[in-house]
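**Student:** sharing a sequence plus its predicted fold:
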Amino acid sequence: MRILGIDPGYDRVGIAIVEKNILLHSECFSTSPKDDFHKRLREIGIRIGQIIKEFSPDVMALESLFITKNQKTAMRVAEARGVISYEASLKNIKIYEYSPPEIKVAVTGHGASDKSQIIKMIPLLLKIKAKKALDDEYDAIAVALTCQAHVKEKAI
């Protein structure tokens, strides 16, 4: 099963493609804070559409929205999640959502793990060719691994 893992955001979007414990692709897609918010949403949608077209994932795993004190940020991340979900739904890709504690348990075995523990575990769980630079990329990989642990591979 090929999984598209997403760490949603409107400034940076973590994207990962995982299949059979192999990282096929990962990136941190960024939009410019100088651009209008709606242009940024469009750019996110275009990039997700390109990734879906290039890698043909079977499912998408999305980190659920973590409500912060900053309501404006939470609303904008929710809008970005909507665009991302829309792109997957256009191709009839099933979407799974996982909370931050679920992701931490799946990757490290402990729901109160910190970012550094997740980053240390990822190379032990799947083949990665190069170290990733930004947390968003690791988060997307962790979301994909969570999905891999929860969803049984379909018989083809």
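**Tutor:** Now that the structure is in, tell me what you want to look at.

**Student:** C-alpha from now on. contacts and neighbour counts both.
**Tutor:** Noted.

**Student:** per-residue confidence for residue 122?
**Tutor:** Looking at residue 122, its pLDDT reads 89.

**Student:** you'd agree it is up against residue 142?
**Tutor:** Yes: using CA atoms under 8 Å, residue 122 is in contact with residue 142, at 7.1 Å.

**Student:** of these two, who's got more company?
**Tutor:** A count of neighbours by other CA atoms under 10 Å puts residue 142 above the other of residue 122 and residue 142, at 30 against 18.

**Student:** what sits against the more buried one?
**Tutor:** 5, 103, 107, 118, 122 (CA atoms under 8 Å, 6 or more residues apart in numbering).

**Student:** any idea whether the most centrally placed residue in the chain is helix, strand or coil?
**Tutor:** By CA atoms, centre = their mean, the mean C-alpha position of the chain lies nearest to residue 6, the distance being 1.4 Å. Classification of residue 6 using DSSP: H, G, I helix; E, B strand; the rest coil returns strand.

**Student:** what pairs with it across the strands?
**Tutor:** residue 15, residue 62 (DSSP bridges).

**Student:** and residue 66, what pLDDT?
**Tutor:** 68.

**Student:** what mean pLDDT does stretch 47-58 have?
**Tutor:** Mean pLDDT, stretch 47-58: 98.

**Student:** buried sites along that stretch?
**Tutor:** Buried residues in stretch 47-58, counting neighbours by 16 or more other CA atoms under 10 Å, are found at 47-49, 51-52, 57-58.

**Student:** ok, now stretch 74-93?
**Tutor:** Those would be 74, 76-81, 83-88, 93, for stretch 74-93 by 16+ other CA under 10 Å.

**Student:** same deal with stretch 13-33?
**Tutor:** 13-19, 21, 23-29, 31.

**Student:** shared neighbours, residue 122 and residue 142?
**Tutor:** residue 107.

**Student:** convert stretch 19-32 to CSV, retaining C-alpha atoms only.
**Tutor:** This file holds the C-alpha atoms of stretch 19-32, laid out as CSV (Å, rounded to 0.1, in the frame of the first residue of the first chain):
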residue,chain,number,x,y,z
GLU,A,19,5.5,2.1,0.7
LYS,A,20,6.5,-1.1,2.4
ASN,A,21,8.8,0.6,4.9
ILE,A,22,10.6,2.5,2.2
LEU,A,23,10.5,6.3,1.9
LEU,A,24,9.9,7.0,-1.8
HIS,A,25,9.7,10.8,-1.4
SER,A,26,9.5,13.5,1.1
GLU,A,27,9.6,17.3,1.1
CYS,A,28,8.6,20.4,3.0
PHE,A,29,6.5,22.5,0.6
SER,A,30,6.5,26.2,1.5
THR,A,31,4.4,29.1,0.5
SER,A,32,5.5,32.7,0.6
